[in-house]
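A.B. asks: Sequence first, then the predicted structure:
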Amino acid sequence: MSWAGPDDIFLSTSLATYLDKKLLVLLRDGRKLLGLLRSFDQFANVVLEGACERVIVGNLYCDIPLGLYVIRGENVVLIGELDLEKEELPSHMTAVSTAEIKRAQKAEREATDLKGSMRKRMEFLDFD
Amino acid sequence: MKSNSPPPRTVSSFHFRRIYKQTQKTHPPFLGRAIEIMLFFSYFKDLVGREVTVELKNDLAIRGTLHSVDQYLNIKLENTRVVDQDKYPHMLSVRNCFIRGSVVRYVQLPPDGVDIELLHDATRREARGG
């Protein structure tokens, strides 16, 4: 990330234009964090204030508050600026409590694990 | 050995060559990075303002206007929209984004945005050490 001078701040890839804005940060492990960008550096290490993790399972979602976060740059996939005028999520999605979303996550994980193990068991049959 | 005559140069190729030379002066290669990286950096700088689709290693594909690129090939896109929006509902209201260079798998370019001969030329020159 280049350090922009005052004149080319709008042309460079600096995260300075995102300071104090509400951002969506996608991490390598698939997590989605939202928060205000307070600080950054050349490695894309980021400080998010008021961070919350948005967990989405099917049509359910939940924002789990996390507080002040420092994210190591190597884990960052994407940093997106949220347009405050637009809806952050499609309207068919419903907000649920933390406990419920954790249950839904567990169910989804178990379903994919089951699918994976079933596939392994079928592999020896050598279907085309 | 008979050398081939250089291919005819278009307007955009002059622009690219100027940016390439500029980049070599302002961004000297730093520890551990090959000078060849500068070639793609200059190439992307020439593509600023064009519509591209960036496919990430996590299979997310984002279409947008290339706003800027840096020496790490981090990309900033404007007017973004996700290719498979229903699969990624959290990206609905994201219009501008910064993509870390290390997570990019492909950058899909408009077919008329690539001057193959020019890139080929520049790569040959790089390989020769010029």
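C.D. replies: In hand now; what should we look at?

A.B. asks: a strand runs through A:Ile56, doesn't it?
C.D. replies: Yes. Under DSSP: H, G, I helix; E, B strand; the rest coil, A:Ile56 falls within a strand.

A.B. asks: any idea how far the residue sitting nearest the centre point of chain A is from A:Ser14?
C.D. replies: The residue lying closest to the centre of chain A (Cα atoms, centre = their mean) is A:Lys32, at 1.4 Å. Applying Cβ to Cβ, to the nearest Å, the value for A:Lys32 to A:Ser14 is 23 Å. (Glycine included, C-beta is placed from N, CA and C.)

A.B. asks: Could you do B:Ser42 as well?
C.D. replies: Noted for B:Ser42: a distance of 19 Å to A:Ser14, by Cβ to Cβ.

A.B. asks: likewise A:Asp29?
C.D. replies: For A:Asp29, the distance to A:Ser14 - Cβ to Cβ - is 26 Å.

A.B. asks: can you check A:Arg109 too?
C.D. replies: According to Cβ to Cβ, A:Arg109 and A:Ser14 sit 38 Å apart.

A.B. asks: Looking at those two, which is more packed in?
C.D. replies: A:Ser14 (23 against 11; other Cβ atoms under 10 Å in any protein chain shown).

A.B. asks: Could you give the backbone dihedrals for the more buried one?
C.D. replies: phi -70, psi 150 (degrees, to the nearest 10).

A.B. asks: per-residue confidence for it?
C.D. replies: Predicted confidence (pLDDT) at A:Ser14: the value is 86.

A.B. asks: After the helix or strand where B:Glu78 lies, heading C-terminal, what element do we hit next?
C.D. replies: In this assignment (DSSP states H and E), B:Glu78 forms part of strand B:75-82. Sequence-wise, the next helix or strand downstream of strand B:75-82 (DSSP H and E) is strand B:94-99.

A.B. asks: Please give the centre-to-centre distance between that following strand and its chain.
C.D. replies: The chain centre lies 17 Å from the centre of strand B:94-99; the measure is Cα atoms, centre = their mean, to the nearest Å.

A.B. asks: quick one: strands adjacent to the helix or strand following it?
C.D. replies: Tracing the chain past strand B:94-99, the next element assigned as helix or strand by DSSP H and E is strand B:104-108. Note on strand B:104-108: by DSSP bridges, its sheet partners are strand B:51-56 (antiparallel).

A.B. asks: Just the buried residues of the longest helix along chain B, please?
C.D. replies: If you go by DSSP state H, chain B has its longest helix at helix B:11-26. Residues of helix B:11-26 classed as buried: B:Ser13, B:Phe16, B:Arg17, B:Ile19, B:Tyr20, B:Thr23 (neighbour count, 16 or more other Cβ atoms under 10 Å in any protein chain shown).

A.B. asks: Let's have the residues you listed in JSON lines, adding pLDDT.
C.D. replies: Below are the buried residues of helix B:11-26 laid out as JSON lines (pLDDT from 0 to 100):
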{"residue": "B:Ser13", "pLDDT": "63"}
{"residue": "B:Phe16", "pLDDT": "74"}
{"residue": "B:Arg17", "pLDDT": "75"}
{"residue": "B:Ile19", "pLDDT": "77"}
{"residue": "B:Tyr20", "pLDDT": "75"}
{"residue": "B:Thr23", "pLDDT": "73"}
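
A.B. asks: Which one of those residues is nearest to B:Arg95?
C.D. replies: Set against B:Arg95, the nearest of the buried residues of helix B:11-26 by Cβ to Cβ is B:Ile19 (27.0 Å).

A.B. asks: Output the contacting helices and strands for the worst-scoring helix or strand of chain A on mean pLDDT.
C.D. replies: One helix or strand of chain A scores below all others by mean pLDDT, DSSP states H and E: strand A:94-95, with a mean of 84. With contacts taken as 3 or more Cβ pairs under 8 Å, 6 or more residues apart in numbering or on different chains; DSSP states H and E, strand A:94-95 sits against strand A:60-71.
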